[in-house]
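Student: A predicted structure for the sequence below; I have some questions about it.
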There are 2 protein chains.
Amino acid sequence: MRIERVSNTVSLKRNIESGTEEQQKVVLSIISDVRENGDSALTFYTEKFDGVTLNDFKVGIAEIKEAYAKIDESLIQTIHEAANNIRDFHSRQVKQSWIDLKNDGTILGQKITPLDAVGVYVPGGKAAYPSSVLMNVIPAQVAGVERIVMVTPPDRDGKIPAGVLVAADAVGVDEIYKVGGAQAIAALAYGTETIKGVDKIVGPGNIYVALAKREVFGHVAIDMIAGPSEIVVLADDTAYANEIAADLLSQAEHDERAASILVTHSIRLAEEVSQEVDRQLQLLPRREIAEASISEFGFIYVSKDIEESVRVVNELAPEHLEILTQEPMELVGKIKHAGAIFVGRYSTEPVGDYFAGPNHVLPTNGTARFSSPLNVDDFTKKSSIISYSKQALLDNGAKIAEFARLEGLDAHAIAIEERLKSM
Amino acid sequence: MRIERVSNTVSLKRNIESGTEEQQKVVLSIISDVRENGDSALTFYTEKFDGVTLNDFKVGIAEIKEAYAKIDESLIQTIHEAANNIRDFHSRQVKQSWIDLKNDGTILGQKITPLDAVGVYVPGGKAAYPSSVLMNVIPAQVAGVERIVMVTPPDRDGKIPAGVLVAADAVGVDEIYKVGGAQAIAALAYGTETIKGVDKIVGPGNIYVALAKREVFGHVAIDMIAGPSEIVVLADDTAYANEIAADLLSQAEHDERAASILVTHSIRLAEEVSQEVDRQLQLLPRREIAEASISEFGFIYVSKDIEESVRVVNELAPEHLEILTQEPMELVGKIKHAGAIFVGRYSTEPVGDYFAGPNHVLPTNGTARFSSPLNVDDFTKKSSIISYSKQALLDNGAKIAEFARLEGLDAHAIAIEERLKSM
């Protein structure tokens, strides 16, 4: 794995995949077809893209039972335990509606309300992760969303991976449709005869799913468009090279465009990790993917001191950050931009990916500068409450009317004056 | 003003303005020009669209002083008072970072961090509202954003409206550039020699601004794309027709595409409001705009009872809702979707537009189903904190590794096993 001195222009060096013009046209035509023809368009595109003819998109109880038979009992237990941890962490995020009661009788406040209906997209094939079902569904449930709909593409036999179905059932999702791609996003946004529309769509997908989400954004809410994943490890010479190497590789095995980066001021550690990565790489089942990722997007940056390492981390604004230094918790306050911060030796990224409780849906590719992990707030909205008192209107009405007239909005002033004249 | 019985398909009946293909092309080419040529592209487009040649985009102290001379002292006082109210309300929204300390030594938490830099777009000409400056800037300041940049197009003399400059100065914005349109959005997103890039762009604008915001979304964060404004009044026969009419018209004078709707089960009130709207309309300076809005998007819906009125309100999901009934506060709990809820007779919408404290930047056109008023959270982001203990890894490591292998991610399992083997 290559080692470089920190430069002034450290970046993840990846562009956001924005899709070709051709792909955009395909997505636009699928969306308008689904809006116009509903279920029959879904049937058509499922035949075309997934190679299977479905008479009924909805997953039934028999399929759920079949899925359970394929998964070990101990794993089902782990899924439940992970779900409990995730539910516990997200429950602590729940916000209350609040009011501020003024002396003059005015009441101002903020009402928090869950969204009515949310759609969760789960990718098909090898990227069908049971853990993603938990991470996307549970925050919506904790927020109080009444209707949660899952969509995921079927394979050529019309099936969905067993792990995904078990995870969905474990958390009580009972509305699951076997439909994927841009057609699924269109159905969630605009509704069909079978699939009632939702207010927000979350979950990752391929480029067609991403383009479709971008297109329906505004008509419904969406989460961020996820890019490829990344990890940055910030370490000093107290860290263990074999553990850092394993962590870097666990990111690299995801995707050829994943980025794995170590930032350290220890040249000895840099060299040891480089060798360890090369050694461990040979042993991985997903070696080809990990090797491509490490060779294109893997870097070990050597800084002059820990302050410079922190500066580089903040410039990268990584999705995942591990801090492996002598006093890791003391550095957390200096981290301005990171999706999730893993503190200390025992906080290897996979404990957060699966089990600890915080969400694994995180802002990628530098968007941690302005975005957050998926959380309960993402499934609620606020309404302002303004209950102005008679006294407050008497005291402030004339001033407000003057302000409105400054902006040339006389009818605004008149709305106040119509009250004042009768008071 | 027309009166109709409530039907099953009540809606605001407006489409989101998505721009022509020609407009999209123009915006794309402006953005790529600004990315490539920086300030010189800004100069070029400012000459082309605003008709003025500027050597320096930055607003200086002399211009601020000049602006103060044009605004009445009492109004400056009102702007400060409004700013204080807005600051007070938004200060109550500030969230603290928090941690959860587990028995086994694990620490989980959420770190709240303000964004580094935010750009506020202020439209030019007649839509240049000082109140919008307060409403967009103050929440960012309360969140702790260190750098707030304002951009607004100059007029043909290279000037900015005095009220806008005074409002900006009153809240301490000291980085203001005279540049507007898609070129301003591009500069904020990607930076130029003069204007350093920001992390999030907020504020309304014309169709070119909206298209440019949509285009840079993902590279930076944006607020919602604002549509035309609307008010819904929910009233029973205790309400005053002249006051309701004035409130409907204060919305209608904004924009020909604004929507003003009364929902009531009182036929008497419906008829009186209809007549009052027609009467008051004649007296308005902005009569032409208001008349066009009322005739196309103005409705009085007569329901069979107050429950049906509430159902209609939730279907409309209005930006502004006024509740003018005998016990208005008792209905607030039934309102699921509304940007701002104005409760009772003295809470006419303009008190919220200017002065009370809650934000006037609100979700329009039904997006209150899933969006919130602009608020402090919009200018912060969260980072998860995961500090797993040795004990927790010993207790759970094997389970987590098994879960990772279910998903085919061996390197994830190995990252845990590398720790376990040395423990």
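Tutor: That came through, no problem. Numbering: from 1, shown residues only, chains lettered A, B, ... in the order given.

Student: return the residues in contact with the nearest residue to residue A:339 once chain neighbours are set aside.
Tutor: Excluding the flanking residues, the one nearest residue A:339 by CB to CB, 6 or more residues apart in numbering or on different chains is residue A:362, at 3.2 Å. Every C-beta, even on glycine, is put in place using the N, C-alpha and C of the backbone. If you count contacts by CB atoms under 8 Å, 6 or more residues apart in numbering or on different chains, residue A:362 has them with A:319, A:320, A:339, A:340, A:368, A:373, A:374, B:384.

Student: and chain B, is the lengthiest helix in chain A touching that?
Tutor: Secondary structure of chain A per DSSP state H: the longest helix is helix A:73-91. Yes - under the criterion of CB under 8 Å from any CB of the partner chain, chain B is reached by helix A:73-91 at A:74, A:75, A:78, A:79, A:81, A:82, A:89.

Student: grab the nearest non-local neighbour of the third one.
Tutor: Right, residue A:78. residue B:399 (4.6 Å).

Student: got the residues of the stretch 51-200 of chain A near chain B?
Tutor: Going by CB under 8 Å from any CB, the residues of the stretch 51-200 of chain A near chain B are A:71, A:74-75, A:78-79, A:81-82, A:89, A:92-93, A:98, A:100, A:106-108, A:110-111, A:113, A:115-116, A:126, A:129-131, A:163, A:199-200.

Student: repeat that with 7 Å
Tutor: A:74-75, A:78, A:82, A:89, A:92-93, A:100, A:108, A:110-111, A:113, A:115-116, A:126, A:129-131, A:163, A:199-200 (CB under 7 Å from any CB of the partner chain).

Student: among these, which are in helices?
Tutor: Counting by DSSP H, these place A:74, A:75, A:78, A:82, A:89, A:130, A:131, A:163 in helices.

Student: of all the residues you listed, which two lie farthest apart?
Tutor: A:74 and A:89 (22.8 Å; CB to CB).

Student: the more surrounded of the two?
Tutor: Counted by other CB atoms under 10 Å in any protein chain shown, residue A:74 and residue A:89 do not tie: residue A:89 has more neighbours, with 24 against 11.

Student: from residue A:108, how far out is that one?
Tutor: Note on residue A:89: its distance to residue A:108, by CB to CB, to the nearest Å, is 31 Å.

Student: what is the rounded mean pLDDT of the longest helix of chain A?
Tutor: For helix A:73-91, mean pLDDT rounds to 96.

Student: how distant is it from the center of its chain?
Tutor: Centroid separation for helix A:73-91 versus its chain: 19 Å, with CA atoms, centre = their mean, to the nearest Å.

Student: likewise for stretch A:60-75?
Tutor: The answer for stretch A:60-75 is 27 Å, by CA atoms, centre = their mean.

Student: touching that stretch from outside, list them.
Tutor: Applying CB atoms under 7 Å, 6 or more residues apart in numbering or on different chains, the contact partners of stretch A:60-75 are A:162, A:163, A:165, A:166, A:169, B:402, B:403, B:406.

Student: and of those residues, the nearest to residue A:262?
Tutor: So of the contacts of stretch A:60-75, ranked by how close each gets to residue A:262 (CB to CB), first place is residue B:403, at 25.7 Å.

Student: just to check, the closest one is in contact with residue A:351?
Tutor: No - using CB atoms under 7 Å, residue B:403 is not in contact with residue A:351, being 10.5 Å away.

Student: so what sits against both of these two?
Tutor: By CB under 7 Å, 6+ apart, no residue touches both residue B:403 and residue A:351.

Student: any stretches of the stretch 151-300 of chain A with poor pLDDT?
Tutor: Across the stretch 151-300 of chain A, not a single residue meets the criterion (pLDDT under 70).

Student: which parts of it are helices?
Tutor: A:162-170, A:181-190, A:207-216, A:241-252, A:267-281, A:287-297 (DSSP state H, counting those that start in this stretch).

Student: restrict the last one to CA atoms and write it as PDB.
Tutor: This file holds the C-alpha atoms of helix A:287-297, laid out as PDB (Å, rounded to 0.1, in the frame of the first residue of the first chain):
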ATOM      1  CA  ARG A 287      -9.400 -10.000  -2.700                       C
ATOM      2  CA  GLU A 288      -9.900  -8.700  -6.300                       C
ATOM      3  CA  ILE A 289     -12.300  -6.000  -5.100                       C
ATOM      4  CA  ALA A 290     -10.200  -5.000  -2.100                       C
ATOM      5  CA  GLU A 291      -7.000  -5.000  -4.200                       C
ATOM      6  CA  ALA A 292      -8.500  -2.700  -6.800                       C
ATOM      7  CA  SER A 293      -9.800  -0.300  -4.100                       C
ATOM      8  CA  ILE A 294      -6.500  -0.200  -2.200                       C
ATOM      9  CA  SER A 295      -4.400   0.400  -5.300                       C
ATOM     10  CA  GLU A 296      -6.500   3.200  -6.600                       C
ATOM     11  CA  PHE A 297      -8.000   4.900  -3.500                       C
END
